[in-house]
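Enquirer: predicted model, plus sequence, below.
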Amino acid sequence: MNLHPSERAFLTQLAETRDSWESAAATALSSPSSSVEWSEATGAWSRLSGALQTPEDQQAFRAVVRELLSGQVHSFLVALGGGSSLAETTLITTQDEQGHVFKTFLHEFWPEVGGLTDG
């Protein structure tokens, strides 16, 4: 099944946002004193920076952050599509400005579309 252009744009935007936060985490790890104005946990960034010194450690950190962010987006899409316990209380419908109602199973497209950007 194909995605509507609005659905693809939405998923691509989520992937780009995930990539942006992954990049922000990597930057914060490499130079926490100058790059974590957005964070409420500046001390934690300094501690992680000191603990993860090698390029391999930093790449592993980045991979874990990406996986966690991707998992959160997937969970959000499942909830949005009615596949979580939220559906016991309410269902949410998403539509674009032209009135196209989004598929209720966008989470099934997340791995595919979420991989379109590399960060």
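Expert: That came through, no problem.

Enquirer: list the buried residues for stretch 23-43?
Expert: 25, 26, 28, 29, 32, 35, 36 (16 or more other Cβ atoms under 10 Å). Using the backbone N, CA and C atoms, a C-beta is placed for each residue, glycine as well.

Enquirer: secondary structure element holding the fourth one?
Expert: Right, residue 29. Per DSSP states H and E, residue 29 falls inside helix 5-30.

Enquirer: other SSEs contacting that helix?
Expert: Contacts defined by 3 or more Cβ pairs under 8 Å, 6 or more residues apart in numbering; DSSP states H and E place helix 5-30 against helix 32-35, helix 42-51, helix 55-80, helix 110-114.

Enquirer: could you list the low-pLDDT ranges of this protein?
Expert: 1, 114-119 (pLDDT under 70).

Enquirer: residue nearest the centroid of it?
Expert: The residue lying closest to the centre of the chain (Cα atoms, centre = their mean) is residue 18, at 3.4 Å.

Enquirer: what's near enough to touch the residue lying closest to that one once chain neighbours are set aside?
Expert: Once flanking residues are discounted, residue 18 sits nearest to residue 69: 4.5 Å by Cβ to Cβ, 6 or more residues apart in numbering. By Cβ atoms under 8 Å, 6 or more residues apart in numbering, the contact set of residue 69 is 18, 21, 22.

Enquirer: name the nearest of those residues relative to residue 65.
Expert: Nearest to residue 65, judged by Cβ to Cβ, of these is residue 22 at 5.3 Å.

Enquirer: pretty sure that closest one contacts residue 66?
Expert: Yes - judged on Cβ atoms under 8 Å, residue 22 makes contact with residue 66 at a distance of 4.8 Å.

Enquirer: thank you, goodbye.
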